[in-house]
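Participant: Show me the folded form of this:
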Amino acid sequence: MSRARQPPLVTGISPNEGAPWTKVTIRGENLGTGPNDLIGLSICGHNCLLTAEWISASKIVCRVGPAKDDKGEIIVTTKSGGQGTSTVSFKLLKPERIGILDQSAVWVDELNYYDMRTDRNKGISPLSLRPANPLGIDIDKGKVPLKDLENMFPGMSGDFTSENFSATWYLIENHSSTGFEHLRMAVGNLKKQASKKNEGSLAYVKGGLSTFFEAQDALAAIHQKLESDGTEKVEGSMTQRLENVLNRASETADTLFQEVLGRKDKADSTRNALNVLQRFKFLFNLPLNIERNIQKGDYDVVINDYEKAKSLFGNTEVPVFKKVYSEVETRIEALRKLLMDKLLETPSTLHDQKRYIRYLSDLHAPGDPAWQCIVAQHKWILQLMQNCKEDFIKEQKVGGVGLELDRSSAMNRISLPAPVKRGGSFQTPKDDSWHYKSPQQVRFVEKLSDVVISQLPNFWKLWISYVNGSLFSETGEKSGQVEKLKKNARQRQNDFKGMIEEVTRRLVQLVRGALLPSSLTELQLRQYGGWDTKTPLSGAWLTQVIHTVRLSHEALSALEIPNDLLQVIQDLLQDLRVHCLLTTLQHTEEDVKRLAEKEDWVVDNEGITSLPAQFEQCMVQMLQSLKEPMECKLGEINILNLDVVQDKACEQCISIMKVFIKCLEQLSIKTDGDIDTSQKRRKKKGKELEEQRLLIILSNCQYLERHTFLNLAEHLEKNGFTSAEKIIRVSIEALRQLDEYLFETYIEKKSDPIVGSLEPGIYAGYFDWKDCLPPTGVRSYLKEALVSIISVHAEELVTRVLSKIIEAVAEEMSRLMQCVSSFSKNGALQARLEISALLDAIEPYLTSESRTSFKQALEALPQLQSGADKKLLEELLNKFKSSMKLQLNCFKPASFQPIKR
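Facilitator: Below is the predicted model of the structure:
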């Protein structure tokens, strides 16, 4: 398990203040492992995740949104580290917005304006220059914050050039600690500047008085001269002659300078034309500039120039301007088409899509480019998913056998290590090259999930941006276009919901077609199927698929997509978990069938082989492999709480148990393949091996009932199998039936030779109960029978086996005694001696059935009449016990409790 990452920490932001939509760079620690890990970013309380661009674990670039708070922290949230903290803050400035079409003006004091194009030899008015320090004393900036001054003097300013100038503000800001004497000096300086201002105005008047007086004197002299001559009213007077002279001079000048004046007029008209071109060069150069900027990709410049030209010349009636502006519109229309083509291109990044939508909005493109982009992206995602399926099916058909996973090799990776010892730990080995050997369906689900996870988040973010209007610029907002598009977005919410449903439904149906074809209709199977399902996937691969689908669901849930749109994925997960459970149980049943091949017949100190331990570990490994599929993630249900699933799982588990019990039965009848030169020796050895195997299997059955099945019941309950009690109960019943059958078979094989030797032994040498000699001791046949019983005792002394053999011997003795028509005195004594000797020897292993049989045998004999016969019987019994003391001790265990079955 990987160690949890530390929460994000923001340690710096640049710049640390600015207006809304200012681009900022955030630096810090643990800012995420990648773009998908970043799930939250807020500045001053505003969510900035949509504009965030993850650069590295220590750097994020985004744009500040229009937050309500003027100042706030920067909070970064990641999936790996959770919500972070910040050691810095950002100040949000809110200046008055002025669009490119808004009029703005600044108040200018025209009295102080000085035209630098006038004669430089003339004096410059003192009022034409403004001193930087009007008071003429040292400036001492105070520590009063600007915000406090704004609150104290609302609507005023400390700038002395402003029409809202406040002297108090200026003094507090620049001379808060200046002394009184210095302020008095400042008053004197202001008075001097005021006097200089008045003096400067008079200087302009005084400078022109001399010229005025000279002109006045000249006009007065001419007037006096004309009056003194008296010729003012006479024809050919001085003034008339002067007028004639001036007219002739003018005509001569016109003749001399006609060509020069013509060139001057032409030059003036050319200059006027050039002035027009110069003045309106923006419009005349705009078509070429638009073409160049489009080629360079500077679409922002093109849009700004177009808006400016539209505001200035959109309604012009000047033919030249109308012609140039129509060419501009032609270029802009071509740009709209180019941007729309780029917007609908796939694949493309979310950043580019937002950029092109904003451009088209600013260019007032017809229709709804954002919605067209959403529709195109939806089709693109569906096409990617379908192409993914077709590519894998094509590869499967081409690759054929090379791409199929051999189930036996998959099971080898999760099978038990050999040799398996009872009580050992189980570990699943990992193969480093598992990914390259994975089945086509598994790799298809992984690839399909990658397609959905990589495409759907941007698709969802594009829709969110479309709904909240963040795709559009301020120009679009002011033109009213954004409100119209927001209204369209609200009307199209159901359409978009249908798109998300179609994507998730397509994902689920494609996965079902690959892994759960039986859950689809015939029509759906033709569209989403086509896979080669001859080799079913193992539980391990299905677990990998479940893990992949769960990751996809978690990634989509993190986008805050409504749960009802993701319910189909939850349903798919439930069906996959059920399929994985039943498939794992089926494959476990197949593995259990092969356990019989691993029996080596090596017996440990408890008289059992490793087979029960192998079976238990196989079951435990199966339950361990089901741990992840059976685990309930957020929003999932426990599939074992479903009655149908619980019943199927119970039936399958019982089937696994019965399969193992069937393996034990097959092992009991398995013949040995050893070859011996002698047929008799081969037959004898095969019989001994068969009896030994029966006895080993009986021991295994007892161990299974007393230990293995109880352990499995505990494991099943721990893993949520509520029907564990039923599974074990049915399994124990089946095991006991096998045990009873094998036990009867074993008893038959061991008791038949002993029982069969009794009758020939009794009547050996033509022995006759009616005519026999007085008894001298127990005959050899009985001793041989006891030795045979002791041999069974030596092989595997279990009370259950020995008691059954003795029951068979007692039943045979009873039958033989009851078949005798009559006994002589010696015969009766001989029979009673042998039955009594047998009873005393096997007393610890008598059961009620064997006691009844011996009682019936004794009742078939005549009673002893004389004390001498009784004494002889006792002497002969003591003699038997003395001579067979060593053998009889074998029947006296230290502690004994007979078992009745």
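
Participant: Assign the residue nearest the centre of the chain to helix, strand or coil.
Facilitator: Central residue check for the chain by Cα atoms, centre = their mean: the C-alpha nearest the mean position is that of residue 551, 3.0 Å away. The three-state assignment at residue 551 reads helix, by DSSP: H, G, I helix; E, B strand; the rest coil.

Participant: Does it touch residue 450 like I think?
Facilitator: No - contact criterion Cβ atoms under 8 Å: residue 551 and residue 450 do not qualify, at 10.0 Å. (Glycine included, C-beta is placed from N, CA and C.)

Participant: tally of neighbours for residue 260?
Facilitator: The burial count assigned to residue 260 is 9, neighbours taken as other Cβ atoms under 10 Å.

Participant: Next: the one 3 residues further on.
Facilitator: Residues near residue 263, counting by other Cβ under 10 Å, number 11.

Participant: In three-state terms, label it for me.
Facilitator: Residue 263 - assigned by three-state DSSP - is helix.

Participant: Distance of it relative to residue 275?
Facilitator: Between residue 263 and residue 275 the computed distance is 18 Å (Cβ to Cβ, to the nearest Å).

Participant: Contact partners for the residue nearest to the residue nearest to the centre of the chain when sequence neighbours are not counted?
Facilitator: Leaving out its chain neighbours, the residue that sits closest to residue 551 by Cβ to Cβ, 6 or more residues apart in numbering is residue 449, at 6.9 Å. Contact partners of residue 449, counting by Cβ atoms under 8 Å, 6 or more residues apart in numbering, are 507, 548, 549, 551, 552.

Participant: how far away is the fourth one from residue 16?
Facilitator: The one in question is residue 551. 38 Å.

Participant: Can you go through the contacts of residue 449 and name the buried ones?
Facilitator: Among the contacts of residue 449, those classed as buried by 16 or more other Cβ atoms under 10 Å are 507, 548, 549, 552.

Participant: Can you pick out the most distant pair from the residues you listed?
Facilitator: 507 and 548 (11.4 Å; Cβ to Cβ).

Participant: hmm, who's touching stretch 72-80?
Facilitator: So stretch 72-80 is contacted by 4-5, 8, 10, 13, 26, 28, 30-33, 36-45, 60, 83-86, 88-90, 92, 558 (Cβ under 8 Å, 6+ apart).

Participant: Generate a PyMOL selection restricted to the buried entries among those.
Facilitator: Buried residues within the contacts of stretch 72-80, by 16+ other Cβ under 10 Å, are selected in PyMOL with:
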select buried, resi 5+8+10+13+26+28+30+31+32+37+38+39+40+41+42+43+44+60+84+86+89+90+92
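
Participant: my guess is residue 496 meets residue 374, correct?
Facilitator: Yes - under the criterion of Cβ under 8 Å, residue 496 makes contact with residue 374 at 6.9 Å.

Participant: Looking at the two now, which is surrounded by more residues?
Facilitator: More neighbours surround residue 374 than the other of residue 496 and residue 374, with 22 against 19 (other Cβ under 10 Å).

Participant: Can you tell me how far that one is from residue 389?
Facilitator: Residue 374 is 24 Å from residue 389, by Cβ to Cβ.

Participant: Which positions within stretch 744-761 qualify as buried?
Facilitator: Burial within stretch 744-761, assessed by neighbour count using 16+ other Cβ under 10 Å, is assigned to 745, 746, 747, 750, 751, 754, 755, 758, 761.

Participant: Who are the contact partners of residue 312?
Facilitator: Taking Cβ under 8 Å, 6+ apart, one finds residue 283 in contact with residue 312.

Participant: same check, this time on the one 4 residues further on
Facilitator: With contact taken as Cβ under 8 Å, 6+ apart, residue 316 is in contact with 322, 325.

Participant: Helix, strand, or coil at it?
Facilitator: Residue 316 - assigned by three-state DSSP - is coil.

Participant: just to confirm, which helix or strand has residue 739 in it?
Facilitator: Per DSSP states H and E, residue 739 falls inside helix 724-762.

Participant: Tell me the first helix or strand C-terminal of that helix.
Facilitator: Taking DSSP H and E, what comes next after helix 724-762 is helix 780-795.

Participant: what residues does that next one touch?
Facilitator: Contacts of helix 780-795 (Cβ under 8 Å, 6+ apart): 692, 695, 750, 753-754, 757-758, 760-762, 764, 801-802, 805-806, 809, 834, 837-838, 841-842, 884, 887-888, 890-891.

Participant: Please pull up the helix or strand immediately following it.
Facilitator: Past helix 780-795, the next helix or strand by DSSP H and E is helix 799-819.

Participant: and that next one, which residues are buried?
Facilitator: 799, 801-817.

Participant: cool, stretch 445-463 as well?
Facilitator: Across stretch 445-463, burial judged by 16+ other Cβ under 10 Å covers 445-449, 451-453, 455-463.

Participant: can you check stretch 328-341 too?
Facilitator: 328, 331, 332, 335, 336, 339, 340.

Participant: Just to be sure, which of those are found in helices?
Facilitator: 328, 331, 332, 335, 336, 339, 340 (DSSP state H).

Participant: want to try TSV for these, with pLDDT and distance to residue 528 as columns?
Facilitator: Formatted as TSV, these follow (pLDDT from 0 to 100; distance: Cβ to Cβ, whole Å):
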residue	pLDDT	distance to residue 528
328	88	52
331	88	48
332	88	46
335	90	42
336	88	39
339	89	37
340	89	33
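
Participant: which one is residue 701 nearest to, not counting chain neighbours?
Facilitator: Nearest to residue 701 is residue 739, by Cβ to Cβ, 6+ apart, at 4.3 Å.

Participant: distance of that neighbour from residue 727?
Facilitator: From residue 739 to residue 727 the distance is 18 Å (Cβ to Cβ).

Participant: same question, residue 776
Facilitator: Taken as Cβ to Cβ, the span from residue 776 to residue 727 is 63 Å.

Participant: So which of the two has more stuff around it?
Facilitator: residue 727 (22 against 11).

Participant: what about the nearest residue to that one once chain neighbours are set aside, how many neighbours?
Facilitator: Nearest in space to residue 727, with sequence neighbours left out and distances taken as Cβ to Cβ, 6+ apart, is residue 653 at 4.7 Å. Using other Cβ under 10 Å, residue 653 has 25 neighbouring residues.
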